[in-house]
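**Q** pasting the sequence and the predicted coordinates here, then a few questions.
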Amino acid sequence: MLDVPEDKIKTITESLKENNVIVNKKGRVIVLDNCIDCGACISLCPTEALYFNGDFKLEFSYEKCIGCLLCLDSCPRYAIEEM
Ligand code: SF4
Ligand code: SF4
């Protein structure tokens, strides 16, 4: 995990990619309104960025998301999209 200043993101990202480093963007997904709170995506998320709140409604933490995109294919409703 690397914190990069906003104005240097493009330069640093391109440099890393040129050196064959896989670059993921933090907070890379969005949960859409058609989510039915089934929880299928929760077990796949390595950082607990997807979780249930006290009412068993799905919540998403932008801060915890490392952009791995493992959750995308887990959703039966296609309710998670890459931003
Ligand atoms: S992209 Fe990865 S880290 Fe982010 S919510 Fe999905 S599974 Fe979790
Ligand atoms: S798998 Fe899809 S429908 Fe189920 S909780 Fe996650 S986003 Fe919602």
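**A** Okay, I see it. Numbering: from 1, shown residues only. Ligands and ions are numbered 1, 2, ... in the order given.
**Q** tell me how far stretch 65-78 is from the chain's mean position?
**A** Averaged C-alpha coordinates place stretch 65-78 at 7 Å from its chain's average position (CA atoms, centre = their mean, to the nearest Å).
**Q** contacts (any at all) between ligand 1 and stretch 63-83?
**A** Yes - contact of stretch 63-83 with ligand 1 (CB under 6 Å from any ligand atom) involves 65-71. In this view, the C-beta of every residue, glycine as well, is placed from N, C-alpha and C.
**Q** can you give me the buried ones in that stretch?
**A** Buried residues in stretch 63-83, counted by 16 or more other CB atoms under 10 Å: 65-68, 71, 74-75, 79-80.
**Q** span of it from start to end?
**A** Across stretch 63-83, the terminal residues are separated by 15 Å (CA to CA, to the nearest Å).
**Q** how far off centre is that stretch?
**A** Distance, stretch centre to chain centre, for stretch 63-83: 5 Å (CA atoms, centre = their mean).
**Q** average pLDDT across that stretch?
**A** Average pLDDT, stretch 63-83: 93.
**Q** now tell me what touches that stretch from outside.
**A** Defining contact as CB atoms under 8 Å, 6 or more residues apart in numbering, one finds that stretch 63-83 is touched by 1, 24-36, 38, 40-41, 44-50.
**Q** just the buried members of these?
**A** With burial judged by 16+ other CB under 10 Å, the buried subset of those is 28-29, 31, 35, 41, 45, 49-50.
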